[in-house]
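In: structure, please.
(2 chains)
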Protein chains: 2
Amino acid sequence: MARRSNSSRTASLVERLRSLWKVKNSALVQQELATEYPEDLAAALERLDVEEGLQILDKLDSLQAANVIVELPTETARAYVKHLPDAVLAAYLDVLPMDDAIDLQEELEPERFAALLEVIPDEDAREIRRLMQYPKGSVGRIMTERFFEVGPLTTVQQLLEDLRSAPIEKYETVNEVYVLDGGGFLQGVFSLRKALRADPSTTASELMKTDVVVASVEEPDEDAARRMAKYGFYALPVLDERGRMMGVFTGDDAQTIIREAETKDVLALGGVSGSAESYLSLGVWQLYKRRFPWLLALFFAETLTGSVLRHYGQGDDSLHMNPLAYYIPLLIGAGGNSGSQVTTTITRALALQEVSPRDWFMVMRREFVVAVIIGACLGTIGWLNAYFRWQSGSAVSFVVGMALPAIVLWATTVGSLLPIAAKRIGIDPAVMSAPFITTFVDATGLVIYFEIALHTMKAHLM
Amino acid sequence: MARRSNSSRTASLVERLRSLWKVKNSALVQQELATEYPEDLAAALERLDVEEGLQILDKLDSLQAANVIVELPTETARAYVKHLPDAVLAAYLDVLPMDDAIDLQEELEPERFAALLEVIPDEDAREIRRLMQYPKGSVGRIMTERFFEVGPLTTVQQLLEDLRSAPIEKYETVNEVYVLDGGGFLQGVFSLRKALRADPSTTASELMKTDVVVASVEEPDEDAARRMAKYGFYALPVLDERGRMMGVFTGDDAQTIIREAETKDVLALGGVSGSAESYLSLGVWQLYKRRFPWLLALFFAETLTGSVLRHYGQGDDSLHMNPLAYYIPLLIGAGGNSGSQVTTTITRALALQEVSPRDWFMVMRREFVVAVIIGACLGTIGWLNAYFRWQSGSAVSFVVGMALPAIVLWATTVGSLLPIAAKRIGIDPAVMSAPFITTFVDATGLVIYFEIALHTMKAHLM
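Out: From the prediction side, this is the model:
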C-alpha cells in the first residue's frame, strides 16, 4: 500500500513496461497496470522509446491512456501525439476533463485539433471552444465550468438530492458549494461539510459566507495561483468582469502553474530561457537552444569589459597591461555562465525528482555533447572577435579560440557533476550553487587559459 | 466581493489599521476588521510599528489575533510574541489548530512554551507534545491528527450521522474518509462525495479504494509535499513505520512548505543563505548576516584566481602582467556576487508579492545601508589581503581597498533597482536576472577600478 514516488520506483516501473510492451494481450496489460497512477506511468514512459511507449498506450483503455498523455511533459507528449491516429485522440478528448483536453491542444497542430473537435460530442466541443477564447496564461483558459452551483433559496435537502442524482461528470469539484443568483452573479460560498451539518430545510443563503476570495477570467493564472496558495485554499471561483461566475480554478492546476513558474524563474536566474520543460524530455538540440542565445548575449555584453581593459591598459603608463589580460573577464564569464546554466538546470531537475543521482552518466553524456557544440560555437566567435575586432594577433586569438571551448567543457562537467554528487552524499544540491561553481571555475579556467597560452607562445616563439 | 491581494490592497489596509490602532473601543475595531482574512492583516501588520500592531491585536478576538500571529513571518512574529502576556498566548494556543500551535513554538523560548502547555487544556497539550516528538522538518510534526476515520463496516448512514453530531473541531478535514481496521492500519480511502452518492447502507469497505498514495511520519515534509503536488492531491494520509495511520498531511501546509523550499533554493542560487523569511520582516543586520558569510567565502575562493594570475604573470616572459590585473577577477567577482544576492532577493520578494514597485525607495534605502556595511568589511579585508598577503605595495592595495566598496555599492544599487524597474514596466523581473546584472557590473566595475587607480597613481606618482 505504501507508495513513495522515488527514483527506484520509476526505475522498476520502466522495467515492467519494457517487459510488457511486446505482450499481445491487452486485457493482461490493462490488468497489470490498472492500479498505476498516470503520473507514474508518464514518468516511466519518458524513459522508454516512443515505439515502446506507443505499444503500451495502445493497450491501455482510453481514459488511462489519455490521462498518461496529459501527464507527459509537453515535448514528449508531442512526440507521442504525432503517432496516434485521430480516432484514438478523439477518444482521449472525449474522456478528459475540459482543462486537460485544452492542454492536449498545445501538443497538436491547430488544424488537427480543430478537426478533432468536429468528431467529439457537440457539448464538449463547445465547452472547449469557449475556454479557448480566453488568452493563453489566463485563468479562464484553465478553469472548469463544472462546479457545484445552487440558488440562494436552495435547501440543503435539495442540494444533497442534486448531488446524488446528477451524473458524476457533471461536477468536477463539490467540496465548495457556490451560491449564484438568477443572473449568474456570485452571492456567496459554503462548504459541503457545513451543509451536511445543517438542518435539511436550511437554505443556501443562510449557510453562505459572502466575503469570498475570487479570481477573474482575464487575470494571469500565476497571480491567481499564488493568491490561492497564500490563503491556503483549494479552489477559487472565477468571475467575469461583471461579477458573473464563469468557473472554478482548482488547486491541482494552481500547483502545476506555480511549479512551472518557479522552474522558469529558477532557470532564468541561471541564464536558461524557455518554458518549464522536464529535463529528460528535452533533447540535446533543445538544451542547446535554451542556453546558447543567452550565452551569446552575455558573451557580447562581456566584451564590454575587454573594451574597458583595452581603453585603460593600452597606454604606456602605470596601467599598461598585457593583451592576454583583456580576455580574462570574458573567459571566466563564459565559463561561469555555462557552468551555472548546467548547475541550475540539474539542481532543478533533482529538486523536482526528474532525475536522480543514478542518472549521472546519462546526464553527463548529454551535457558533454551540448558543451561540445556550445564550446565550438563560442570558440569560433571568440577567435573571430579577437582576431578581427580586437586585432590581438594570431597567437593571442588562437589561445582565446582554444581556451573558450576547453573552459566551457570543464565548467559544464563540474557544473553537472557537483550537484549530483552533492545529492548523492546527502547535501542539498542548491548549496553547490551557481556562485560557488562560478568562482571555482574562475580560478581553474584561468589555469586552462594560461597553460594554452604558454604552449602556444612557446610554439610561436612570440 | 471581488478580493484581489495586490499591493494597493495591503497599502489601504495599512492605512486603515493606522487609523484604528488608537481607537479605544474594541468592539468597533473587531467589527471593522471582522471580514478581513488573517493573511491580509498579517501582511499589513508587517508594515506597522510593533507598538501599533500590538494595540490592534489586543482589540481583536483571540481566534482572529492568533491566526494573524500564525500568518506573520517568523521574525516579525517573534517580535510580537515577546511583548504578549502569557494569558494571551495561552488563549491563542487554545484556539489554534495543532499544527499552527506548534508553529508558534518556533517563535517562543522553549521554557516559555513549556509553561504555556501547562495552562491550556490537557488534551490539547498532549496532542502538541505528541507531534513535537517528531523531528523538525518531518511530516509527523505538521500533520493533523483530526482526520475523519471510519471502520471497514461503517455504513454511509452511520458516517453521515457522525459527521453531523461530532463537534466541528473534531475533524480538520472531512473531504476524504479514511478506513482503518481495529489496529489503526489504513485499509483504504474514499471521498465524501462518493459516500453521498451511495446507498445509505453501503459499507466503507465497499466504497474504498485500496491503492493509496501515502506519506510517512519520519520523511522530510518537502518530499511528501512534492508528491502531493505531483499527483494533484489535497491531502495525504500519514503512516508510521508499521503502517498505522497517524494523521493527515494537508495541502495548505504542503503549499507553504514548497513555497519556502523554493525560496530557499532560489536564494541559494543567488548566494544568500538562511531560511525563507519574508523580505520586509528582515532587518538590515539580518540581511547582512545572510549575505556576508557567503560573500566572504566567495571572496577567499576568488583569491585563488589572484594566485593563478600571479603564478603565470610574475615572470618576465610573454605572460608578464601588470599587478593591477591580478585583482580583476576578485573585483568583478565581488561586484557580481553582491549584485546577484540583491537581485535574487528582490526578484523573489516581487514574485511572492512581498514587495511591490511602489516600495522602491524603502528597498533602496535598506539595500544602501547593507551595501555600505558589506562594502566597508570587504574593502578592509581586500586591502589587508593586497597589502600583507600579496604584498602589492601601498598604492595598489589602496586602490583595491577603495574600489571594492565602490563596486559593491554600485552593484547593489543596480541589482536592487533593475528588477523593480522591470516589474514596473511590465517585464518579468526574472529576466533581469543574476547573469545579466553580473555581466553589466563586470564592465562598469572595471571602470570604477581603473578610475580610482588613475587618480591614485597620479597622486602617488607611482
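
In: what residues does the longest strand along chain A touch?
Out: Scanning chain A for the longest strand, with DSSP state E as the assignment, gives strand A:173-180. Defining contact as Cβ atoms under 8 Å, 6 or more residues apart in numbering or on different chains, one finds that strand A:173-180 is touched by A:144, A:146-152, A:154, A:159, A:163, A:186-193, A:195, A:204-205, A:207-208, A:234-235, A:237, A:245, A:248, A:250, B:175, B:192-193. For the C-beta atoms, the positions are set from N, CA and C on the backbone; glycine is no exception.

In: any weak-confidence spans in the stretch 1-150 of chain A?
Out: A:1-8 (pLDDT under 70).

In: repeat that with 90
Out: Counting by pLDDT under 90, the stretch 1-150 of chain A contains low-confidence ranges at A:1-36, A:39, A:43-44, A:46-50, A:58, A:60-67, A:69-79, A:81-132, A:136.

In: OK, now which residue of it is nearest to chain B?
Out: Closest residue of the stretch 1-150 of chain A to chain B, Cβ to the nearest Cβ: residue A:35 (4.4 Å).

In: give me the mean pLDDT for the helix or strand hosting residue A:382.
Out: Assigned by DSSP states H and E, residue A:382 falls within helix A:360-384. Average pLDDT, helix A:360-384: 95.

In: ok, stretch A:450-462 next?
Out: 79.

In: wait, does that stretch make contact with chain B?
Out: Yes: for stretch A:450-462, a contact with chain B is found by Cβ under 8 Å from any Cβ of the partner chain, at A:450, A:453, A:454, A:457, A:462.

In: just the buried residues out of those, in ChimeraX syntax.
Out: A single ChimeraX command is used to select the members of the residues of stretch A:450-462 next to chain B judged buried by 16 or more other Cβ atoms under 10 Å in any protein chain shown:
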select /A:450,453,457
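
In: columns secondary structure on top of the residues of stretch A:450-462 next to chain B, output as CSV?
Out: Shown next, in CSV, are the residues of stretch A:450-462 next to chain B (DSSP: H, G, I helix; E, B strand; the rest coil):
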residue, secondary structure
A:450, helix
A:453, helix
A:454, helix
A:457, helix
A:462, coil
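
In: partner strands of the longest strand of chain A and their direction?
Out: strand A:147-150 (parallel), strand A:186-191 (antiparallel) (DSSP bridges).

In: domain parsing for chain A?
Out: As recorded under automatic domain parsing, the domains making up chain A are A:7-133, A:147-250, A:270-460.

In: just say which of these is most tucked in.
Out: domain A:270-460 (a mean of 20; mean count of other Cβ atoms under 10 Å in any protein chain shown).

In: can you give me the helices in the stretch 351-462 of chain A?
Out: A:360-384, A:393-424, A:434-460 (DSSP state H, counting those that start in this stretch).

In: so which residue is dead centre in chain A?
Out: Taking Cα atoms, centre = their mean, the centroid of chain A lies closest to residue A:276, which sits 2.2 Å from it.

In: mind listing what that one touches?
Out: By Cβ under 8 Å, 6+ apart, the neighbours of residue A:276 are A:259, A:260, A:261, A:263, A:264, A:267.

In: quick check: it is in a strand.
Out: No: counting by three-state DSSP, residue A:276 falls outside a strand, being coil.

In: torsion angles phi and psi at it?
Out: Torsion angles at residue A:276 (phi, psi; degrees, to the nearest 10) stand at phi -80, psi 70.

In: and the gap between it and residue B:440?
Out: Per Cβ to Cβ, to the nearest Å, residue A:276 is found 26 Å from residue B:440.

In: so which strand or helix has the residue in the stretch 251-400 of chain A positioned nearest to chain B?
Out: Closest contact between the stretch 251-400 of chain A and chain B, by Cβ to the nearest Cβ, is at residue A:252 (3.3 Å). According to DSSP H and E, residue A:252 maps onto helix A:251-269.

In: report all helices and strands that that helix contacts.
Out: Here helix A:251-269 touches helix A:221-231, helix A:328-351, helix B:221-231, helix B:251-269, helix B:328-351, going by 3 or more Cβ pairs under 8 Å, 6 or more residues apart in numbering or on different chains; DSSP states H and E.

In: mind checking which of those helices is nearest residue B:30?
Out: helix A:221-231 (20.7 Å; Cβ to Cβ).
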